[in-house]
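In: compute the structure for the input listed below.
(one chain, ligands or ions: 1)
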Amino acid sequence: MRLILLGTPGAGKGEQATRLSKRFGIPHISTGELLRREMEERTPVGRRIAEFVNQGELVSDEITQAILEDRVRREDCAAGFILDGFPRNLRQADFLKEALHRMNAPVDVVLNIEVPDSTVIDRLINRHRQDDTPETIRHRLRIYRKVTAPLIDYYDRADILTRIDGDGSPEEVTQRILTSLARTA
Ligand code: AMP
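Out: Numbering: from 1, shown residues only. This next block holds a predicted model:
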């Protein structure tokens, strides 16, 4: 099963991806996590990535796409994977479609986790990640609305979008996801 989790920063994508990954025994692929790992290596690429991540800007498509494609081609993705944080714009979505088409492994379902703005801001403020300052949070939410939110329509038109009410405890949200996956399966 190949899944994409969509939703604003703070919608709970990471938490749900972790839980679904355990449940289905398929890897959770977070491009944010992969990029943070590169940053920790302090390579020239890592330093370039840090400039963007720390400002709440998107890292270039070229870098994120290469990292993503490398990851989904690994053997542990043969039975499926859960994408969290990729794609982030329409170009990345087209890239993903082509890359997975070449692998003969199309995406099955896109889950859009929907949460009210007030909940998102509360969650982000309580998360204590290095790039979670009030300013970068506002910036990431603006970028989300402008370049990432159009993906909802993109996947809706491809007829693979499922909307999930993300307001509730992590357990409740996972349960809603499992119920809806059972319905679409
Ligand atoms: P996340 O952990 O998904 O919130 O991502 C943290 C940061 O990593 C984002 O604010 C971006 O700077 C960067 N990032 C993660 N995924 C992508 C992506 N698909 N394209 C561009 N930048 C990304």
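
In: send the alpha carbons of the helix or strand that D156 is a member of over as PDB?
Out: In this structure, D156 is located in helix 150-157 according to DSSP states H and E. Output in PDB follows, covering the C-alpha atoms of helix 150-157 (Å, rounded to 0.1, in the frame of the first residue of the first chain):
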ATOM      1  CA  PRO A 150      -3.500  23.100  -4.400                       C
ATOM      2  CA  LEU A 151      -2.400  19.400  -4.100                       C
ATOM      3  CA  ILE A 152      -5.800  18.700  -2.400                       C
ATOM      4  CA  ASP A 153      -7.600  19.600  -5.600                       C
ATOM      5  CA  TYR A 154      -4.900  17.800  -7.700                       C
ATOM      6  CA  TYR A 155      -5.500  14.500  -5.900                       C
ATOM      7  CA  ASP A 156      -9.200  15.000  -5.700                       C
ATOM      8  CA  ARG A 157      -9.300  15.200  -9.500                       C
END
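
In: would D159 count as being in a strand?
Out: No - D159: not assigned to a strand; according to DSSP: H, G, I helix; E, B strand; the rest coil it is coil.

In: count of residues packed around it?
Out: When neighbours are counted by other CB atoms under 10 Å, D159 registers 6. In this view, the C-beta of every residue, glycine as well, is placed from N, C-alpha and C.

In: next up, phi/psi of it, please.
Out: phi 70, psi 30 (degrees, to the nearest 10).

In: likewise for L83?
Out: Reported as degrees, to the nearest 10, the phi and psi values for L83 are phi -90, psi 130.

In: please identify which helix or strand holds the closest residue to it other than its chain neighbours.
Out: With CB to CB, 6 or more residues apart in numbering as the criterion, L83 has its nearest non-adjacent residue at 4.7 Å, and that residue is I4. Taking DSSP H and E as the criterion, the element that holds I4 is strand 2-6.

In: is that strand up against the ligand anywhere?
Out: No - counting by CB under 6 Å from any ligand atom, the ligand has no neighbours in strand 2-6; the shortest distance is 9.9 Å.
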